[in-house]
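what's the 3D shape of this:
(one chain, ligands or ions: 1)
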Amino acid sequence: MTIGGHMPVKFDSEFAMTIDGELVFSEKKIPVLNPATEEVVAHAPDCGAAQLDAAVRGARQAFNEWRSTSIEIRRKLLEQLATAILDHLDPLSKILTLEQGKALEASKAELLGSVDWIRKTASLELPQDVRQDSGSSAAIRHLPLGVVAGIPPWNYPVNLSAMKIAPALLTGNTLVLKPSPFTPLSMLKIGELARDIFPRGVFSVISGGDELGPLMTAHPGFDKISFTGSTATGRSVMRSAAPTLKRLTLELGGNDPAIVLPGVDVPAVAQTLFWCAFTNSGQICLATKRIYVHEDIYDTFMNVMVETAKAVKVGNGLAPETQLGPISNRPQFERVKALIKDSIDNGHEILAGGLPEQKNGYFIPITIVGNPPENSRIVQEEQFGPIIPVMKFTDVEDAIKRANALDVGLGAMVWGGDHDQAIAVGKRLEAGTVWVNQPPQLAASIPFGGFKQSGIGSEGGVEGLLAYTVTQSLWSKI
Ligand code: NAD
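Numbers count the residues shown, from 1 in each chain. Got it, this is the predicted structure:
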């Protein structure tokens, strides 16, 4: 298959890694499936240990010069990367839809969001501070760490990579990025574009199967791991970072609650929360994953949710009418089906959707579960798919307690007619980001990260830049 635009791509023969400034193929390859058809889209290289060593060696050599280039040059090259992605928007969007499943418009939006994120991060400044004490002055310097391993997941393969590339390179580190085995293709192509922009070794992109992530995190040549993925994998990343005390940023799973208080425009809030839960077919770390609605407005709220679910077009991401695509890969498809089956087996009220019909592609109907018990799997576990439990509450204190009851705390939302009351409730929620009377939003200037087992550290903002640096205090007598 070939796709047009400025970047003709011959599938199956043309996906290469970018290692130390060279295009690198491998003898072994991994198949990448289209989740809408289960057909092979292309094969990606399967990076072996020797190729990983070469990527780390190249990144180490490049670090010696890159660390002392001016921040203005690093900004300029990041800007060029953003422009190159923009120039290849159409072919990259198609690759992203073919490997990830999302609708073509959603792929475009992801790429445009990545361009914006890179540009805005590149305009941030590291703090510069000189303090005086005890007759001396100390310059507080924020120096790059060295060679960074970037490991993103499959739900937003480009966006979540951009959130690592821009701060790592701007602060003077070099980076070896490994996309998920389910969605390596778009980042391999972006690696190729970057080859013509950055000095060799500054930014490498490798791909491989399940063995490659653990090989990277155990590799002594990395100084930092920036990982986005599940809490379970985050734990093993942390374990393998221990022998050489690699610095870590862990952006992990969540189970984000939304609390809807009385006094809101119920149909409007239900519509908004529908999309908070189901955008990208629910495969967003910051998707709403549990909704608590006051009993006085529960029935109206549910009617709007269910009617909206019935009207949404789920299908192949390349079809123009598609709003939501399939689940991105088979393991996640099986996990979400198991959660739906558990709800059915336990007699929960399935108000829309349910188990899918047997056909090709990892399609799951939009599924809404009415008021399941708090201890059910669909409330307790992160679903990361198009199924949402909506629970009733009477007393706001009880809703807050239930929202805070889990061992994760990524995002949370409050909607209320009384804005001050909604803010007061928001302040009590145990989550790294809380949105009050607005849907989830991220910005390159604002940090986000997890409470509890949703992660360690932040991405975004000056806080996210500092996470790629080590602090040196340079003292001298005044
Ligand atoms: P995952 O943890 O299975 O995989 C994430 C990445 O880690 C992939 O590139 C994978 O190849 C790699 N990997 C797998 N095992 C590894 C190991 N032992 N050592 C090193 N690397 C390893 O996660 P996923 O299924 O790809 O993504 C879904 C999860 O990611 C959800 O839990 C979601 O909430 C979370 N997520 C979090 C954020 C955030 O910002 N907090 C954003 C998006 C997704």
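
CA atoms for contacts and neighbours, from now on please.
Noted.

nearest residue to residue 166 in space, ignoring adjacent ones along the chain?
In space, and not counting its chain neighbours, residue 166 is closest to residue 118: 5.3 Å by CA to CA, 6 or more residues apart in numbering.

so, low pLDDT: which residues of the stretch 101-250 of the chain?
The stretch 101-250 of the chain contains no residues with pLDDT under 70.

the ligand contacts on that one?
Neighbours of the ligand within the stretch 101-250 of the chain, by CA under 6 Å from any ligand atom: 151-154, 179-181, 210, 213-214, 217, 228-230, 233, 236-237.

would you mark the buried spots in stretch 199-208?
Using 16 or more other CA atoms under 10 Å as the test for burial, stretch 199-208 gives 200, 201, 202, 203, 204, 205, 206, 207, 208.

end-to-end on stretch 378-394?
End-to-end distance for stretch 378-394: 21 Å, by CA to CA, to the nearest Å.

tell me the mean pLDDT over that stretch?
Computed over stretch 378-394, the mean pLDDT rounds to 98.

now the helices for the stretch 351-478 of the chain?
Secondary structure of the stretch 351-478 of the chain (DSSP state H, counting those that start in this stretch): helices at 377-380, 396-403, 419-427, 461-466.

using CSV, please lay out the ones you listed together with mean neighbour count.
Shown next, in CSV, are the helices of the stretch 351-478 of the chain (neighbours: other CA atoms under 10 Å):
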stretch, mean neighbour count
helix 377-380, 20
helix 396-403, 16
helix 419-427, 16
helix 461-466, 21
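
residues in contact with the residue lying closest to residue 136 once chain neighbours are set aside?
Spatially, and ignoring its direct neighbours in sequence, residue 136 is nearest to residue 477 (4.2 Å; CA to CA, 6+ apart). Residue 477 sits next to 135, 136, 137 when contact means CA atoms under 8 Å, 6 or more residues apart in numbering.

tell me which helix or strand the last one sits in.
So that's residue 137. Element membership for residue 137 (DSSP states H and E) is strand 136-144.

buried residues in that strand?
137, 138, 140, 141, 142, 143, 144.

is residue 148 in a helix, a strand, or coil?
Of the three states, residue 148 takes strand under DSSP: H, G, I helix; E, B strand; the rest coil.

look up how far the ligand lies from the nearest residue to residue 442 once chain neighbours are set aside.
Ranked by CA to CA, 6+ apart and with sequence neighbours excluded, the top spatial neighbour of residue 442 is residue 448, at 7.7 Å. For residue 448, the distance to the ligand equals 8 Å [CA to the nearest ligand atom, to the nearest Å].

quick check: residue 448 vs residue 249, distance?
Noted for residue 448: a distance of 11 Å to residue 249, by CA to CA.

kindly report the same for residue 369.
Going from residue 369 to residue 249 by CA to CA gives 34 Å.

mind checking which of the helices of the stretch 351-478 of the chain is nearest the ligand?
helix 461-466 (12.2 Å; CA to the nearest ligand atom).
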